[in-house]
Structures are given as C-alpha cells and as structure tokens.
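Chemist: below is the sequence, then the predicted model.
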Amino acid sequence: MRRARVAYAGAIHEALARNPALTVEIARTRESESDYQAARAPLLPRLSASAYDNRLNEDRLNPAGSGTSTTSLYTRESFAGLTARQLLYDGGRSRGARDAAALGLEGQRTGLTAARDETILRVTQAYARALAVTELVRVAQDALARQESFETMTADFFRAGKATRLDVLKAEAARLDAEKSLTAARESEAVAVAQFAQAVGFDGRAGVVPRGALARDLAEAPPSEQATYAALAHNPDLRRAAQQVEQARSSLDSARGVYRPELALQGSYGYRERDVGGGAPEWLVGVTANWTLYSGGALSAQVAGAQARLHQAQEARRALELDVGTQVRDVLGAWRTSLSDARATSRLVETDREALAAAETLYRAGKATALDVLSAQADLARAEGAQVTALADHASAQ
C-alpha cells in the first residue's frame, strides 16, 4: 500500500477540516445560533395576514316555525387584513430566555474552540507517538543488525577455536530475541500509524503516516504558578463553564418571570365586505394583558428546577477549576520528568555506545567474554529506546 507522508502542520490542517468530533461541534454551534434566533423572536414585532370568505344561513335569526325573516341579514362576509403585535412586558421571561440563548451560543462557540484545541492535542500526541514508534523500529533494526554481526563474528571465532559453543548459542539467542523485538515494534508502528490517521480524520487504512522526527531541541517547562494562572485565565473549558453559569442565571430570571403579567400592544387593519351593508375598511388598536394566577404548581416547579440547574453549573465550574489546577501540575511534572529523562538517556546512549565498542574490541582481543558484548548491546538498545520514549513524552507534555 502506498503511504502518504504528512508533516505536522499538514496533519493539523487536515484534522481541523476532517475530524468527526470537531465537525459535530461545528453543527452544534449552528444549532445554538438557530436557538438564539428563535429565543429573540418574541421580543420583535410580529406581523400576520389573514383573510376569509364566509357564507351564512340567511334565516338564522328567524323565530321558530316562521317562514319569513324579520331582520335583513347578510349571507356573505369577506375580510382581508393585517395584524401587528409587539410584546411590551412579560415579566422578563422573553428577555431572560434571549439572554440565556445568547450565553448558550457564546458557550458553544467557546466549546468549539475547546474542541479545536482538543483535536490539535490529540493529533499532536498521535503524531509524536507514531514518530516515536517509527524510531523504536529503527532502534530495533539497529539492535538486530548488531546482534547478527556479533553472531557472525562469534561463529567465526568458534571455528577458529577462540570461542565456545556456549558463546555461539548465546549470540543466536540474542539475535532471535532481537528479531522478536523488531516484530513487536513493527506491529506497534502499524497501530500507532492507524491511530494517527484516525486522529486526523482519515480511515485507518488510508496509508497516512507522519513525516518528520522527534525534536531533540528540548524546552524547559514554565514555572508552576505561571502555567496555572495562564490555564485558569485562558482555558476554554473554564470559560465555557463560566458562561454556562451565567446562562443558568438568565434562565432562572426567565423562569421567575412567570409570576408577572404579560402586556402587549396589538393593532390590526383590514377591509370587511358584506352583501348587506356593503364594505368598508376597519382598524383596531389596543393593549392586551395576561396574568397566570394559578397553574397547579407548574410555575413554582419550573423556578425550582432553574435554581437547581444554576447550582449544578456553579459547582461544575468550581470542580473544573480544581481539576484544571491538578492537570497543570501533573503535566508540568511529566514535562520536567521527560526532559530530565531525555537528557539523561542521551548521555547514557553515548556512554553505552562507547561501552559496546570497548567490549567488542576486548572480545576480539580475547580479554572479554561474549556475555560482556551481549550485555553491552542490550544496554545500548534499552538506552536508545528509553531516549525515544522520553522525547515522545516531552513532546506530548509540552
């Protein structure tokens, strides 16, 4: 299968366009925009048109049993007109609902920002993990090549009488173990590449692989106080939680408005025509009032529910603040630990590489055993793998 190599910037660009979770958040934002438009509609004037044409029974007012009408009645009526209505006051229900919808829209937009950040984070982690596993495959290949070379050298020494049969068997066992490690690394690479493609928004069989290498230029972690303050000030999840609190407060104000009367200005203009009396334009202007005095407890239940939702939002925000502070400390700890590990393993790789070269030289001179060389090879492979892991952990934490 042909593989398409994607750089980090390209992976982020594709993920922002393709990631399913982000696409869902975009659709939810559009839904919130529609909810806001619907919530503000009651505060705007309403204009409606109506028309009808009726036929009526002409003797509908005749005395019982009488065959003649004593009153001239119309038998056809037609009307066409416009009616306008403007809400003047409803106890703050509509205004509160509009404000709550506006805050809900702001919260959803903030949630969209959080979803974008989350997508970038997941792609970054998957990118670093895939690069790390690819480098681990290279480490396993190098280890296998060293083992094969040593196995060949040991077999030559055995034929020359400079090594024992036990040395040959140990070298063969080490080579078989290196082959097993390489197979496991390649399987892990296939999984990591599929997870990377999925994080971007491609099918796992699309053949999309990351292009690049883990950074060796390592950055220091910022101070804990500075990072925590920045997170509490700019974290989109916290901003969304604050907006949800304000939304719940507006919803509570709207719910309390049911205890107050509703006033509206209404006017109409139309033309009415009858077969008796002719036709003429007519108009009407007035104020309507509506006040619910008793609803069987439904209104108080709505208010109590809105109060409960406000309390839930406030506590959820407080819990999130505590959680964000803990997350920042955890990530900074991982950052500092991985930085220290990366620097230590870098020096360890150099030391183990020198130790391996020295062990091989001494083995050729007959001053070291095969076990010394095998131990040095194993130490170098472990150090190289630990270095790759530390670099990947540092990239993810940063």
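Modeler: Great, that's in hand.

Chemist: any chance you could list what contacts stretch 287-301?
Modeler: 88, 258-266 (Cβ atoms under 8 Å, 6 or more residues apart in numbering). For the C-beta atoms, the positions are set from N, CA and C on the backbone; glycine is no exception.

Chemist: check stretch 9-17 too.
Modeler: Identification of contacts with stretch 9-17 by Cβ under 8 Å, 6+ apart yields 6, 22, 116, 119-120, 122-124, 127, 196, 199-202, 210.

Chemist: which one of those is nearest to E282?
Modeler: Closest to E282 out of the contacts of stretch 9-17 is L22 (57.0 Å), distances taken as Cβ to Cβ.

Chemist: could you pull up the residues touching the residue positioned nearest the centre of the chain?
Modeler: Central residue of the chain (Cα atoms, centre = their mean): A115, 3.0 Å from the mean position. Contact analysis of A115 by Cβ under 8 Å, 6+ apart lists 21-22, 25.

Chemist: just the buried ones out of those, please.
Modeler: Buried subset of the contacts of A115 (neighbour count, 16 or more other Cβ atoms under 10 Å): 22, 25.

Chemist: in TSV: the contacts of A115, plus secondary structure and distance to V328.
Modeler: TSV is the format used below for the contacts of A115 (DSSP: H, G, I helix; E, B strand; the rest coil; distance: Cβ to Cβ, whole Å):
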residue	secondary structure	distance to V328
A21	helix	23
L22	helix	24
E25	helix	24
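
Chemist: the contacts of A115 into a markdown table, with extra columns for pLDDT?
Modeler: Converted to a markdown table, those look like this (pLDDT from 0 to 100):
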| residue | pLDDT |
| --- | --- |
| A21 | 86 |
| L22 | 87 |
| E25 | 90 |
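
Chemist: what's the closest of the contacts of A115 to A392?
Modeler: A21 (23.2 Å).

Chemist: what's the distance between the closest one and S48?
Modeler: 42 Å (Cβ to Cβ, to the nearest Å).

Chemist: what of F202?
Modeler: Using Cβ to Cβ, one obtains 51 Å as the distance from F202 to S48.

Chemist: looking at those two, which is more packed in?
Modeler: F202 (20 against 10; other Cβ atoms under 10 Å).

Chemist: how about the closest residue to that one other than its chain neighbours, phi and psi?
Modeler: Using Cβ to Cβ, 6 or more residues apart in numbering and skipping the chain neighbours, the partner closest in space to F202 is V208 (4.9 Å). In terms of degrees, to the nearest 10, the main-chain angles of V208 are phi -90, psi 120.

Chemist: what's the neighbour count on V208?
Modeler: For V208, the count of nearby residues is 24 (other Cβ under 10 Å).

Chemist: ok so, going back, next, the residue nearest to the centre of the chain: secondary structure please.
Modeler: Under the three-state scheme (DSSP: H, G, I helix; E, B strand; the rest coil), A115 adopts helix.

Chemist: pretty sure Q141 sits against T183.
Modeler: No - between Q141 and T183 there is no contact under Cβ atoms under 8 Å: 11.3 Å.

Chemist: and these two? which has more neighbours close in?
Modeler: Ranked by neighbour count (other Cβ under 10 Å), Q141 and T183 place Q141 first, with 15 against 11.

Chemist: show me where pLDDT drops low in the protein?
Modeler: The model of the chain has pLDDT under 70 over residues 1-3, 60-72, 204-206.

Chemist: let's see it at 80
Modeler: Applying pLDDT under 80 to the chain flags the ranges 1-4, 58-72, 203-208, 295.

Chemist: show me where it has strands.
Modeler: 4-6, 46-55, 76-89, 208-210, 262-274, 278-290 (DSSP state E).

Chemist: from Q37, how far out is the closest residue in space to G366 that isn't next to it in sequence?
Modeler: Leaving aside its chain neighbours, G366 sits nearest to K162 (6.5 Å; criterion: Cβ to Cβ, 6+ apart). According to Cβ to Cβ, K162 stands 87 Å off from Q37.

Chemist: thank you, goodbye.
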